[in-house]
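In: no sequence on this one, just coordinates:
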């Protein structure tokens, strides 16, 4: 039976027409202000788009049981992305795909992992994952921790470029929520299941938040759902034009709402993927949602599919919300305008019986999808309130793959 996803006591499962009109006006005004300043308006994602959203077999990730044996001893793992070539394909090494993943040594409270995060290499073969070394040398990156990004291996498989989020500042006396986008490249060698990264270039700040279209993400402290974003650089090269882009998680500098999420973009100024020029956001959820995380793009049958992850808890309070899940939109070009997939944007949500089962998805070029196992098998994550409960429930390993199918502006889980 389909589950109605719009949920708020004030809405009683249905958005009142007046509230719907006000929300549409707020989001529309935000888009107009961006258009007046930058000459290009982002596609808007508003509460109106969530009216009638239901969870069905076609948009729900299959449930899976907790798998303690899938954990890598001594580490929590979460956000993951594959090492790809510029066309989005996955190179393989003796049959194994190479990935990058955020890691932290296991702590009594898994929430502490975010202030300890480092990027490690992992490899995957037939569903079995192996943890390798940290990607960057100790003390190399300009943040005091490393958050998500993307990675591109050149055609000769000799140089690897890593785009990443530097969180905080190295040497800072306090842990902050500052986020900056950096890139660095290295010599890459693969031999008999091991990987060597050497001869690193100095980290270069790829692009800087302008305070005009994008908030500067320099908060000292913040609570979940209210943190500004300028992170998650996702590499994309347009096969039609050869133009190269970085999509990113941002916050709208022109919104008066507490919920300011946008998907931003920068374009490489030269044929080489460097020297980026910041462009206006391509999609705005200002007034609806605060975090459109880890945006990335695939081209299927000549159409451009933009995917992102978000959580139920970061939708605007007192309004409609979707489930924690993978969302997406489609356009005729990388900069839009976009049409939300399935009318609502929802591509694949967590199942009703495990609403925090997994998170932070990546769609590969063959339309397989993988995220990390968060709290599988737990029906009410809100009841988990202590560090001991979080430790007992948090999985911290790669989730099982699933696959989606795309047909124009329609997607389904297969």
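Out: Good, I have the coordinates. A quick note: this is a predicted structure, and the numbers were derived from the prediction, not measured.
In: residue 199 touches residue 186, doesn't it?
Out: Yes: at 5.9 Å, residue 199 counts as touching residue 186 under the criterion of C-beta atoms under 8 Å. In this view, the C-beta of every residue, glycine as well, is placed from N, C-alpha and C.
In: neighbour count: these two, which is higher?
Out: Remark: of residue 199 and residue 186, residue 186 carries more neighbours, 19 against 10, as counted by other C-beta atoms under 10 Å.
In: what packs against whichever strand or helix holds the more buried one?
Out: Element membership for residue 186 (DSSP states H and E) is strand 179-191. In terms of contacts (3 or more C-beta pairs under 8 Å, 6 or more residues apart in numbering; DSSP states H and E), strand 179-191 is packed against strand 145-153, strand 159-167, strand 194-198, strand 204-207, strand 230-237.
In: what residues of the shortest one count as buried?
Out: Of the residues in strand 204-207, those with enough neighbours to count as buried (16 or more other C-beta atoms under 10 Å) are 206, 207.
In: show the average pLDDT along that strand.
Out: For strand 204-207, mean pLDDT is 97.
In: quick check: buried residues in the strand holding residue 186?
Out: Under 16+ other C-beta under 10 Å, the buried positions of strand 179-191 are 179, 180, 181, 182, 183, 184, 185, 186, 188, 190.
In: stretch 135-144 now?
Out: Neighbour-count burial for stretch 135-144 [16+ other C-beta under 10 Å]: 135, 136, 141, 142, 143, 144.
In: same question for it, mean pLDDT?
Out: Average pLDDT, stretch 135-144: 97.
In: now find how far off-centre it is within its chain.
Out: Relative to its chain's centre, stretch 135-144 lies at 21 Å (C-alpha atoms, centre = their mean, to the nearest Å).
In: now do it: everything it contacts.
Out: 100, 118-121, 146, 162, 164-172, 175, 178, 180, 182, 184, 197, 200, 203, 205 (C-beta atoms under 8 Å, 6 or more residues apart in numbering).
In: residue 175: what secondary structure?
Out: Here residue 175 is coil, with the state taken from DSSP: H, G, I helix; E, B strand; the rest coil.
In: my error: substitute residue 354 in the last question.
Out: Following three-state DSSP, residue 354 is assigned to coil.
In: touching, it and residue 376? I think so.
Out: Yes: counting by C-beta under 8 Å, residue 376 is a contact partner of residue 354 at 5.7 Å.
In: what is in contact with these two at once?
Out: With C-beta under 8 Å, 6+ apart as the test, residue 354 and residue 376 both reach residue 63.
In: next up, phi/psi of residue 343, please.
Out: Main-chain torsions, residue 343, degrees, to the nearest 10: phi 80, psi -30.
In: next, count neighbours for it.
Out: If you count neighbours by other C-beta under 10 Å, residue 343 ends up with 14.
In: thought it was touching residue 49?
Out: Yes: with contact defined as C-beta under 8 Å, residue 343 counts as touching residue 49 (6.7 Å).
In: hmm, back to that, between the strand holding residue 186 and strand 159-167, how big is the angle?
Out: 150 degrees (axes from the mean of the first three to the mean of the last three C-alpha atoms, to 10 degrees).
In: in stretch 234-248, what counts as buried?
Out: For stretch 234-248, the neighbour count (16+ other C-beta under 10 Å) marks 234, 235, 236, 237, 238, 244, 245, 246, 247, 248 as buried.
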